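Chemist: predicted model and sequence follow; I will ask about them next.
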Amino acid sequence: MDLRFAVFNLIFGDAVLRTLLVNYADRVESGCLPERAWTGACYVELTWTDNDAASAAAGSQLLTARVHMSRQCSAEQVCLDAVLQRLREALPVANGPFTVRCRETTREIVDSGVDTVFKATTFEVAPHTPRHRGAELLDLPLWTERPDATAPFSLSDLVAPHPGSAGLN
């Protein structure tokens, strides 16, 4: 399964987010150059990168979603926060073919240096690794009731010797 395609479909399934993605496509298609001021509506820009962090799950990728609006409307920053919240709600956290974890969100509005301001959120998207039956037991911490819990044990530690026998070693 292609993670990018699956995530895009989830985002595109929300009518508001779909409109904002189409606004981005319209902006790119119209060739809105930095030297021309853009006064159009809000839009969402999605950028994918490989997750190279040492702690990253195998095959995970980073999705950065930037919600832009015209610099002239920057007083309406609550709109940016609302769209980012809608994005977080559109992406499932778990229980699907992949997991999504929200890593960071910009707190302040960032000036794009062109004609818009934006806020961004970065998501880590990883393929869901199926857990085999009993995997939860393997993840249990060591039992620390015994002082030598990390020491190797023998079968005689588990079975009490039968009266009159020499034990099982």
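Modeler: That came through fine.
Chemist: separation between residue 8 and residue 87?
Modeler: Counting by Cβ to Cβ, to the nearest Å, the gap from residue 8 to residue 87 is 12 Å. Yep, even glycine has a C-beta here, placed from its N, CA and C like the rest.
Chemist: so the two - more neighbours on which side?
Modeler: residue 87 (24 against 15; other Cβ atoms under 10 Å).
Chemist: tell me who's in contact with the more buried one.
Modeler: The contact partners of residue 87, taken as Cβ atoms under 8 Å, 6 or more residues apart in numbering, are 11, 17, 44, 65, 67, 121.
Chemist: most neighbours, which of these?
Modeler: Neighbour-wise, the contacts of residue 87 (other Cβ under 10 Å) top out at residue 67, 26 neighbours.
Chemist: how about it, secondary structure?
Modeler: Recorded secondary structure, residue 67: strand (DSSP: H, G, I helix; E, B strand; the rest coil).
Chemist: residues contacting it?
Modeler: Residue 67 neighbours (Cβ under 8 Å, 6+ apart): 20, 42-44, 79-80, 83-84, 87, 118-120.
Chemist: list buried residues within these.
Modeler: 20, 42-44, 80, 83-84, 87, 118-120 (16 or more other Cβ atoms under 10 Å).
Chemist: from those residues, which is closest to residue 111?
Modeler: Nearest to residue 111 among the buried ones among the contacts of residue 67, counting by Cβ to Cβ, is residue 118 at 8.4 Å.
Chemist: so the closest one makes contact with residue 80?
Modeler: Yes: counting by Cβ atoms under 8 Å, residue 118 touches residue 80, with 7.0 Å between them.
Chemist: what touches both of these two?
Modeler: 67, 69, 109.
Chemist: same list, these, but as a markdown table with distance to residue 27 and pLDDT please.
Modeler: What follows is those, written out as a markdown table (distance: Cβ to Cβ, whole Å; pLDDT from 0 to 100):
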| residue | distance to residue 27 | pLDDT |
| --- | --- | --- |
| 67 | 13 | 92 |
| 69 | 12 | 87 |
| 109 | 19 | 83 |
